[in-house]
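Everything below, folded, please.
(one chain, ligands or ions: 2)
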Amino acid sequence: MEKKPLVVVNGLVRKDAIAYLKEHVDVRQWTEKTVMPREVLKEWLIDADGLWCVRPLDVDGDLVKNAPNLKVIAQAAVGYDNVNIDELTVAGIPYGNTPGVLNETVAELAFTLIATASRRIIENANFVKDGRWAQRPSNIKGFDLSRRTLGIIGMGAIGVSISRRARAFGMTVVYHNRNQRLDDKIHKTTYMELDDLLAISDVVCVMAPLTDETYHMCDEAFFKKMKNTALFVNVGRGPIVDTDALINALKTGAIDYAALDVTDPEPLPADHPLLDVENCLIVPHIGSYTDRTRYDMSILTADNIIAGVHKKPLKTCVNEEVNYKKPQMDVESALEELKKAGVDLTDFD
Ligand SMILES: NC(=O)c1ccc[n+]([C@@H]2O[C@H](COP(=O)([O-])OP(=O)(O)OC[C@H]3O[C@@H](n4cnc5c(N)ncnc54)[C@H](O)[C@@H]3O)[C@@H](O)[C@H]2O)c1
Ligand SMILES: O=C(O)[C@H](O)CO
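Numbers count the residues shown, from 1 in each chain. Ligands and ions are numbered 1, 2, ... in the order given. As a prediction, the model looks like this:
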């Protein structure tokens, strides 16, 4: 019997996705609760055809240099700031991420943070739970979202999904991106330079990737440019924010409130100073964390790996230049496919 390709998984992932993967390939998985030591992973990769990577792990040229058979690496995440794409491209290894399938789920979380923070839901609910309904102070009023401005930094696939929700709440949406989008009319959004966005936004939401350019983009100067009544939301990546500067901005009243799905570091240690800041709501990186979406992300990751180990094109590949190419079809087969799809070919010679 022909040997199946070997896929290494360096940590815990959903059991149903592993079962699906095992229908197509052999799987060698690190199932300890501890992080797999990098040197052990390198040993395992010597014989591997594919790697499903699980954070924390820096994926780079050094990791794969002694992995002669490695044909694909994939991770169940859209963000790939732990992956050195250039070095994988030089090594000829396509990298698969999971864009698209999580857009609505992450946008729901981002907007839930905005709505929860704007009405101080947690603080108010805690007074009720503690039996102190009547004693809640009058200053935890919250503010309206309608007729306010949301400024999105990083208006990509998820940013657009957030903007739709904001407009349904009656908000005006402005954004800052590397480049102005071509579909502003469709989404009823307005491109702005960063400083202009910070000056007019009542809610600032970061939805950009972590790159050399965005690392510590939200620093002391950034928070000083925001309205002192504004809410700051980060669902992008923790290190986009200088945490000390955020704590200072919240404590000194440079901004009013923060709501974070991502922090630096992650997880936050129990004695981290951010946890002592009253006007800050934090959830533990749950943007895509619903059962259906995590399933979709895991199956897409498995599909990318199954394709890659067989040198077939990955469905979602970051470094397309080294993705495997679809086999060229001869003209007869292509016409046959078009006919099957119901295309009327009578006008063609
Ligand atoms: N919290 C979570 O659970 C969660 C879930 C999904 C994604 N994310 C993060 O969100 C990021 C965006 O995801 P996406 O699917 O929308 O990606 P995307 O590629 O569709 O959009 C990213 C956008 O950010 C813009 N951008 C890049 N650099 C920028 C800069 N310096 N200034 C302003 N804009 C910049 C890009 O132009 C692009 O429009 C991911 O890379 C990931 O880090 C977090
Ligand atoms: O980038 C992503 O997809 C999320 O942060 C989940 O890790």
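
Double-check residue 74 against residue 96; I have them as touching.
Yes - in this structure residue 74 lies within contact range of residue 96 using Cβ atoms under 8 Å: 3.6 Å. C-beta here means a position set from N, CA and C on the backbone, and glycine is covered the same way.

Now the common contact residues for the two.
By Cβ atoms under 8 Å, 6 or more residues apart in numbering, residue 74 and residue 96 have these common neighbours: 301, 304-305, 308, 314.

which of those lies closest to ligand 2?
The shortest approach to ligand 2 among these belongs to residue 301, at 10.5 Å (Cβ to the nearest ligand atom).

quick one: pLDDT of residue 349?
On pLDDT, residue 349 comes in at 47.

Share the number of residues neighbouring the residue in the stretch 101-250 of the chain that ligand 1 sits nearest to, please.
Evaluated by Cβ to the nearest ligand atom, the stretch 101-250 of the chain has residue 156 as its residue closest to ligand 1, separated by 1.6 Å. Per other Cβ atoms under 10 Å, the neighbour tally for residue 156 reads 18.

cool, and residue 5?
If we define neighbours as other Cβ under 10 Å, then residue 5 has 20 of them.

And residue 21, by the same measure?
24.

Also residue 268?
Around residue 268 there are 17 residues (other Cβ under 10 Å).

Repeat that for residue 145.
Other residues close to residue 145 by other Cβ under 10 Å number 21.

Can you tell me how far residue 250 is from ligand 2?
23 Å (Cβ to the nearest ligand atom, to the nearest Å).

wait, isn't that residue in contact with residue 281?
No - in this structure residue 250 lies outside contact range of residue 281 using Cβ under 8 Å: 11.0 Å.

Overlap of the contact sets of the two?
In contact with both residue 250 and residue 281: 257-258, using Cβ under 8 Å, 6+ apart.

End to end on stretch 203-215, go ahead and measure it.
Start to finish, the residues bounding stretch 203-215 are 20 Å apart (Cα to Cα, to the nearest Å).

Any chance you could list what contacts that stretch?
79-81, 110, 114, 118, 145, 148-156, 158-159, 162, 171, 197-198, 217-218, 226, 230-237, 239-241.

among these, which are in reach of ligand 2?
residue 79 (Cβ under 6 Å from any ligand atom).

about what we covered before: could you export the shared contacts of residue 74 and residue 96 as CSV, including neighbour count and secondary structure?
Listed next are these as CSV, based on neighbours: other Cβ atoms under 10 Å; DSSP: H, G, I helix; E, B strand; the rest coil:
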residue, neighbour count, secondary structure
301, 26, helix
304, 29, helix
305, 27, helix
308, 28, helix
314, 25, coil
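
Nearest to ligand 1 among these?
residue 301 (13.9 Å).

For the closest residue to residue 84 other than its chain neighbours, give its distance to residue 327.
Among residues not flanking residue 84 along the chain, residue 60 sits closest, at 4.0 Å (Cβ to Cβ, 6 or more residues apart in numbering). Note on residue 60: its distance to residue 327, by Cβ to Cβ, to the nearest Å, is 31 Å.

So those two - more neighbours on which side?
Between residue 60 and residue 327, counted using other Cβ under 10 Å, residue 60 has the larger neighbour count: 16 against 7.

where do the strands sit along the stretch 51-200 of the chain?
Ranges of strands in the stretch 51-200 of the chain, per DSSP state E, counting those that start in this stretch, are 72-74, 95-96, 149-153, 172-176, 189-191.

ok, back up a step: the residue nearest to residue 84: what's it in contact with?
83-84, 87-88.

count of neighbours near residue 73?
Residue 73 has 29 nearby residues by other Cβ under 10 Å.

Provide a list of residues in contact with the residue nearest to it when sequence neighbours are not counted.
Nearest in space to residue 73, with sequence neighbours left out and distances taken as Cβ to Cβ, 6+ apart, is residue 51 at 4.6 Å. Neighbouring residues of residue 51 by Cβ under 8 Å, 6+ apart: 7-10, 45, 59, 64, 67, 70, 72-74.

per-residue confidence at residue 51?
99.

Report the separation between it and residue 67.
Applying Cβ to Cβ to residue 51 and residue 67 gives a distance of 8 Å.

Without its sequence neighbours, what residue ends up closest to residue 11?
Closest to residue 11 by Cβ to Cβ, 6+ apart is residue 54, at 3.2 Å.

neighbours around the closest residue to residue 62 other than its chain neighbours, how many?
Sequence neighbours aside, residue 87 is the residue nearest to residue 62 in space, at 8.0 Å (criterion: Cβ to Cβ, 6+ apart). By other Cβ under 10 Å, 16 other residues sit near residue 87.

Pretty sure residue 87 sits against residue 65.
No - contact status for residue 87 versus residue 65: not in contact, 9.4 Å apart, counting by Cβ under 8 Å.

The residue nearest to residue 232 when sequence neighbours are not counted: which element?
In space, not counting the residues next to it along the chain, residue 232 is nearest to residue 258; the distance is 4.6 Å by Cβ to Cβ, 6+ apart. Residue 258 is part of strand 257-260, with elements assigned from DSSP states H and E.

what does that strand rub up against?
113-114, 116-117, 231-234, 238, 241, 246, 250, 277, 279-283.
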